[in-house]
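Participant: How does the following fold in three dimensions:
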Amino acid sequence: MKNSILFIAALLAIASTTLRAQEDQADLYDIAGEFAFVRIQYDSYYDGGYYGGPWATDFPAADENFLRGVARLSNVRVMSLPKVLRFDDEEIFNYPFLYALEMGRNGGLSLSPAESENLREYLLRGGFLLIDDFWGEQQWDAFYQDFSQLFPDRELTELHAEHEIYHTFYDIDGPQMIPGRGGRRGFGQAGIDIASNHAIVDDDGRIMVLINWNSDMGDGWEHTYDQWYPTQYSNSAYQLGINYLIYSLTH
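Facilitator: Numbering: from 1, shown residues only. Presented below is the predicted three-dimensional model:
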């Protein structure tokens, strides 16, 4: 496993976020790379918010920075630019890893029957969905009112430090609280300082959905170069993200 000094040095060596920089490092990318970062666009009960809705928070900087981190810190070849799809798009079946965030804001996500059906089929056929960045009981309840109908017969499982997903690439001591950019050092939103991971698993025990509650991996990726954002939290965000990615590619 790579130590934290090498990890930080690798991140500092990543080029700027411009397309020219990506072209200068073309060897890290592949137009048909084995990993494409797919962000999910979804509807909330109450429209509005930054960039037209909470689904677009941190976009595209977080997605692009994470792709650069994967390219430099693993042997996974990546596509240089992220994609945005909806749950009812048949194209999601081409990608093993989906990312969505802030699903507890604006009244929670509003899933159509077509979206629920397509997402359920995607997950049962081997797909993986990572849900990130929502905080506290109120946002959990708003998120879960619709999402719980996806698999009403499957209970959520809380993941603990010994689960293999924390040891697929890096050895990580379970869920990590990664604060948003505006949070106080060491604390997330509303003073929350403890994160948890919950999962929906298939009949073989494979994680189909991982819910990252009370933690903000997206800000850890987005603010990689921000001198005011503590490096330790960016490190944790990349380590967790790469572990989740490797798990999705191998299970």
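
Participant: tell me which strands and helices the strand or helix carrying Met208 is in contact with?
Facilitator: Using DSSP states H and E, Met208 sits in strand 207-213. Applying 3 or more Cβ pairs under 8 Å, 6 or more residues apart in numbering; DSSP states H and E, we find strand 207-213 packed against helix 113-124, strand 128-134, strand 196-201, helix 231-250. (Glycine included, C-beta is placed from N, CA and C.)

Participant: Can you say which of these is packed in most?
Facilitator: Mean neighbours per residue, mean count of other Cβ atoms under 10 Å, is largest over the helices and strands packed on strand 207-213 for strand 128-134, with a mean of 24.

Participant: Direction included, what does it pair up with?
Facilitator: According to DSSP bridges, strand 128-134 forms sheet pairs with strand 97-101 (parallel), strand 207-213 (parallel).

Participant: What angle do helix 113-124 and the shortest one make with each other?
Facilitator: This means strand 97-101. 130 degrees (axes from the mean of the first three to the mean of the last three Cα atoms, to 10 degrees).

Participant: centre of the chain versus strand 97-101, how much separation?
Facilitator: 5 Å (Cα atoms, centre = their mean, to the nearest Å).

Participant: My read is that Phe35 contacts Gly69, right?
Facilitator: No - under the criterion of Cβ atoms under 8 Å, Phe35 is not in contact with Gly69, lying 11.6 Å apart.

Participant: of the two, who's got more company?
Facilitator: Set Phe35 next to Gly69 and count neighbours by other Cβ atoms under 10 Å: Gly69 wins out with 24 against 21.

Participant: could I get the strands paired with strand 128-134 as CSV with distance to Gly220?
Facilitator: Shown next, in CSV, are those (distance: least, Cβ to Cβ, whole Å):
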stretch, distance to Gly220
strand 97-101, 12
strand 207-213, 11
